[in-house]
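Q: how does the following fold in three dimensions:
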Amino acid sequence: MNTRVVAVVVTWNRRDLLEESLAALDAQTLPLTRVVVVDNASDDGTAEVLAGRWSHHDVVTLTANTGGAGGFTAGLERALTHDPELVWLLDDDTVPTPTAAEELVRARAGYRGPGRPAVLASKVVWTDGRDHPMNTPRPKPGASRAERAAAEAVGCVPIRSASFVSIMCDVAVVRERGLPVADYFLWNDDFEYSTRLVRGNVGLYCPASVVEHKTRVFGSTDADPGERFFFEVRNKVWMFTRSRSLTLGEKAMYGAATARRWARTFRASEDRATLRAGLRTGLVAGLRHPPRQNAEVLEPAGWVMDEAGRALPPGQPFSLLVSTYAGDDPDFLREAFHSTVQAQTRRPAEVVLVQDGPVPPELSAVIAELSASSPVPVRHVVMEANQGLGPALDRGLEACRHDIVARMDADDVSEPHRFERQLPVVEAGADIVGSGLLEFGTSPDDVVGRRTPPTDAAEIRRVIRFRDPFNHPTVVYRKAAVQAAGGYTDMALMEDYLLFTRMVESGARPANLAEPLVRYRVGAGAYARRGGTGLLRSEIALQRRFRDLGITTRGQFARNVLVRGGYRLVPEAVRRTAYRALIANRGDGTPADGGAARH
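A: Okay, the predicted model is just below:
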């Protein structure tokens, strides 16, 4: 089996157990592509051990203990940069048997039932070989006969949820559903995340994959949590009121089960006053405040900054990514290319020019001319059929040789000092940096509007749930951060907004320059492209995706559909007037589509 599997282990002050776990991972019969270790601010010598014997692993060092929720969020994001097919999540006191990974991969490969296996869970035993009651996956209620038969054929059982002690996740589903919610500190983080991945997909419990969970005691979730009961209550409230991981019926069923378990916990407790206080404050916190965004949770722990602050030496080479298709004007492409390569005071090291499907002879001739005359190498990537901007840019990103990538549309014009201004911001630690832009009509000198994006990182994170704070044709970003967030995916007409939101939500460090560094062409049809039923459908699909990923609340979803969707349906003349009055000439906003796709 040639499946690419990356393991993620989160640790905090369990150096000896961690070493045992890492040794077991190195001894797997299925060789792992990489092991990512997240050190949650251990102070027991873990850092020294990881820098020595285990230096061949990819270590993420956090400066504060973010619990399993934050640790697996950071670890998963790092794991995705290694281009895996599956990510294996494990606790630091989990010791897998040599065939544990191989058995999970075998079950996935052999599954022939309805749906795709999104989560595969190992059998978890304690140190004496008994099944560990704390980590028993929840069987799927109401699993169909076909689901049970397909699971049984590969030696498995259908499940609805599992714990982070040992689960293997399909990366395609992870990219679709997003990262764990880092604010679920201490409790229910794995319940929320595993059910989110499995919803509409398949979860499998694989008894042939065995791991040993070396907890201090053999116990279950009924143990008295004391003051930590607050986190159990708050996070369960979040689960049942704000998460999209469960259906309404499942929320009722699991809610009833939770109430029964809490009742057992109260009956067995010798300190019910502490539990009552945790119940009261947990209910209030869960109902009043939603989980914070991952970036807000992880930034104080240093995830947006690695050991060097994500700073890079000046003068980093970077790739320029341009996509063109049959509808582009050859002269416009020539002008865009020249302004972004030959005329730049700081030139890209290469150009990746994606041809999205067949193009007319005139455009083909210009592509050949630009490739031959360019002062920097040009990689001409040809797609046999037109697939749209999102798939084209994903293909182009794969071809980029450098981690820093600058975007440019095929009919815009860059200011000569554009990259001289933007690259130092990326080298200083930003993961994505955009800029202001000038809109022009018949020629670059015919300026008809100006867009100035928000420049404060906190403001960018705040507004991104309601509008795109980046002007897409202006952005420069880290390829690793883009791919960790799932790439552009196939969200027609909204691919850039979805990507940037997922990047910021996942912890990418955003920045914008107010200075207009790109001139954006708004010729005939510009306002028509911002409206119509097709764009309305894309808008609704985007907002549903935001809701499914937990980025927006129900109220924010309704507000966005009403305001942003309504903008798509008003007559073109009204849209032009409103856009000119409220967006293109103001200093703190961005257009409803962020300056996105044209093909």
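Q: now stretch 398-416: buried residues?
A: By 16 or more other C-beta atoms under 10 Å, the buried positions in stretch 398-416 come out as 400, 402-415. From N, CA and C alone the C-beta is placed, and that goes for glycine too.
Q: whoops, I mixed them up, stretch 160-168
A: 160-168.
Q: for stretch 359-367, same thing?
A: So stretch 359-367, judged by 16+ other C-beta under 10 Å, has buried residues 359, 363, 366-367.
Q: re the thing from before, please narrow the buried residues of stretch 398-416 to those residing in strands.
A: 404-408, 413-414 (DSSP state E).
Q: any chance of a markdown table for those residues, columns distance to residue 282 and pLDDT?
A: A markdown table is the format used below for those (distance: C-beta to C-beta, whole Å; pLDDT from 0 to 100):
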| residue | distance to residue 282 | pLDDT |
| --- | --- | --- |
| 404 | 44 | 95 |
| 405 | 44 | 97 |
| 406 | 47 | 97 |
| 407 | 44 | 97 |
| 408 | 50 | 95 |
| 413 | 55 | 96 |
| 414 | 52 | 97 |
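Q: adding distance to residue 156, write those residues out as TSV.
A: Below are these laid out as TSV (distance: C-beta to C-beta, whole Å):
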residue	distance to residue 156
404	43
405	41
406	46
407	43
408	48
413	57
414	54
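Q: now residue 69. Its backbone dihedrals?
A: phi -60, psi -50 (degrees, to the nearest 10).
Q: pull out the buried residues from the helix or strand where residue 276 lies.
A: Assigned by DSSP states H and E, residue 276 belongs to helix 272-288. Across helix 272-288, burial judged by 16+ other C-beta under 10 Å covers 274-275, 278-279, 282, 285-286.
Q: what does stretch 78-89 give?
A: 78-82, 84-89.
Q: got it, and stretch 138-157?
A: Neighbour-count burial for stretch 138-157 [16+ other C-beta under 10 Å]: 138, 140, 143, 147-148, 150-151, 154-157.
Q: quick one on the thing from earlier: list of residues touching the helix or strand just after the helix holding residue 276?
A: Reading on from helix 272-288 to the C-terminus, the next helix or strand found by DSSP H and E is helix 294-298. Here helix 294-298 makes contact (C-beta atoms under 8 Å, 6 or more residues apart in numbering) with 62, 66, 70, 73-74, 179, 181-183, 304, 461, 504-509.
Q: in terms of secondary structure, what does the helix holding residue 276 contact?
A: helix 229-241, helix 248-268 (3 or more C-beta pairs under 8 Å, 6 or more residues apart in numbering; DSSP states H and E).
Q: would TSV of those with mean neighbour count, distance to residue 57 and mean pLDDT be doable?
A: Converted to TSV, these look like this (neighbours: other C-beta atoms under 10 Å; distance: least, C-beta to C-beta, whole Å; pLDDT from 0 to 100):
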stretch	mean neighbour count	distance to residue 57	mean pLDDT
helix 229-241	22	30	93
helix 248-268	13	36	91
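Q: could these go into TSV alongside distance to residue 111?
A: What follows is those, written out as TSV (distance: least, C-beta to C-beta, whole Å):
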stretch	distance to residue 111
helix 229-241	28
helix 248-268	23
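Q: out of those helices, which is closest to residue 40?
A: Proximity to residue 40, assessed across these by C-beta to C-beta, is greatest for helix 229-241 (15.9 Å).
Q: show me what that closest one is packed against.
A: Helix 229-241 is packed against helix 189-198, helix 248-268, helix 272-288, with contacts defined by 3+ C-beta pairs under 8 Å, 6+ apart.
Q: to residue 456, which of those lies closest?
A: helix 272-288 (25.7 Å).
Q: quick one on the thing from earlier: including distance to residue 334, could the helices and strands packed on helix 229-241 go into JSON lines?
A: Below are those laid out as JSON lines (distance: least, C-beta to C-beta, whole Å):
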{"stretch": "helix 189-198", "distance to residue 334": "46"}
{"stretch": "helix 248-268", "distance to residue 334": "56"}
{"stretch": "helix 272-288", "distance to residue 334": "57"}
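Q: of the ones you listed, which is nearest residue 353?
A: Closest to residue 353 of the helices and strands packed on helix 229-241 is helix 189-198 (C-beta to C-beta; 36.4 Å).
Q: nearest to residue 349, of the helices and strands packed on helix 272-288?
A: Closest among the helices and strands packed on helix 272-288, once you apply C-beta to C-beta, is helix 229-241, at 45.4 Å.
Q: what's the distance between the closest one and the middle of its chain?
A: Averaged C-alpha coordinates place helix 229-241 at 23 Å from its chain's average position (C-alpha atoms, centre = their mean, to the nearest Å).
Q: and it, C-alpha only, in PDB?
A: What follows is helix 229-241 as a C-alpha-only set of coordinates in PDB (Å, rounded to 0.1, in the frame of the first residue of the first chain):
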ATOM      1  CA  PHE A 229     -17.300  20.300  34.600                       C
ATOM      2  CA  PHE A 230     -17.600  23.900  33.400                       C
ATOM      3  CA  PHE A 231     -15.800  22.900  30.100                       C
ATOM      4  CA  GLU A 232     -18.000  19.900  29.700                       C
ATOM      5  CA  VAL A 233     -21.200  21.900  30.000                       C
ATOM      6  CA  ARG A 234     -20.100  24.900  28.000                       C
ATOM      7  CA  ASN A 235     -18.700  22.700  25.100                       C
ATOM      8  CA  LYS A 236     -21.800  20.500  25.100                       C
ATOM      9  CA  VAL A 237     -24.000  23.600  24.800                       C
ATOM     10  CA  TRP A 238     -21.800  24.700  21.900                       C
ATOM     11  CA  MET A 239     -22.200  21.300  20.300                       C
ATOM     12  CA  PHE A 240     -26.000  21.200  20.600                       C
ATOM     13  CA  THR A 241     -26.700  24.900  19.700                       C
END
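Q: what's near enough to touch the nearest residue to residue 317 once chain neighbours are set aside?
A: Using C-beta to C-beta, 6 or more residues apart in numbering and skipping residues adjacent in sequence, the residue nearest residue 317 is residue 349, 3.6 Å away. Contacts for residue 349 (C-beta under 8 Å, 6+ apart) come out as 317-319, 376-377, 401-402.
Q: residue 349 and residue 374, how far apart?
A: Distance from residue 349 to residue 374, counting by C-beta to C-beta, to the nearest Å: 12 Å.
Q: now residue 267
A: With distances taken as C-beta to C-beta, residue 267 is found 75 Å from residue 374.
Q: re earlier: what's the most distant pair in the buried residues of stretch 398-416?
A: Of all pairs drawn from the buried residues of stretch 398-416, the one with the longest distance (C-beta to C-beta) is 403 and 411, at 27.0 Å.
Q: quick one on the thing from earlier: can you flag which of the buried residues of stretch 359-367 belong to helices?
A: 363, 366-367 (DSSP state H).
Q: hmm, residue 425 and residue 406 touching each other?
A: No: with contact defined as C-beta atoms under 8 Å, residue 406 does not reach residue 425; the gap is 11.9 Å.
Q: so what sits against both of the two?
A: Residues within reach of residue 406 and of residue 425 at once, by C-beta under 8 Å, 6+ apart, are residue 476.
Q: the bottom helix or strand of this structure by mean pLDDT?
A: Here the helix or strand of the chain ranked lowest by mean pLDDT, DSSP states H and E is helix 526-529, holding a mean of 52.
Q: what's the span of stretch 78-92 from first residue to last?
A: One end of stretch 78-92 to the other measures 17 Å (C-alpha to C-alpha, to the nearest Å).
Q: show me what the mean pLDDT comes to for it.
A: Per-residue pLDDT values over stretch 78-92 give a mean of 91.
Q: rewinding a little: and the gap between the residue nearest to residue 317 and residue 303?
A: 28 Å.
Q: related to what we said a few turns ago, now, the buried residues of stretch 138-157 that are in strands?
A: Those of these lying in strands (DSSP E): 138, 157.
Q: could the buried residues of stretch 138-157 go into JSON lines alongside distance to residue 121 and pLDDT?
A: Formatted as JSON lines, the buried residues of stretch 138-157 follow (distance: C-beta to C-beta, whole Å; pLDDT from 0 to 100):
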{"residue": "138", "distance to residue 121": "10", "pLDDT": "85"}
{"residue": "140", "distance to residue 121": "12", "pLDDT": "92"}
{"residue": "143", "distance to residue 121": "15", "pLDDT": "90"}
{"residue": "147", "distance to residue 121": "15", "pLDDT": "92"}
{"residue": "148", "distance to residue 121": "16", "pLDDT": "93"}
{"residue": "150", "distance to residue 121": "16", "pLDDT": "94"}
{"residue": "151", "distance to residue 121": "12", "pLDDT": "95"}
{"residue": "154", "distance to residue 121": "13", "pLDDT": "95"}
{"residue": "155", "distance to residue 121": "13", "pLDDT": "95"}
{"residue": "156", "distance to residue 121": "9", "pLDDT": "96"}
{"residue": "157", "distance to residue 121": "9", "pLDDT": "95"}
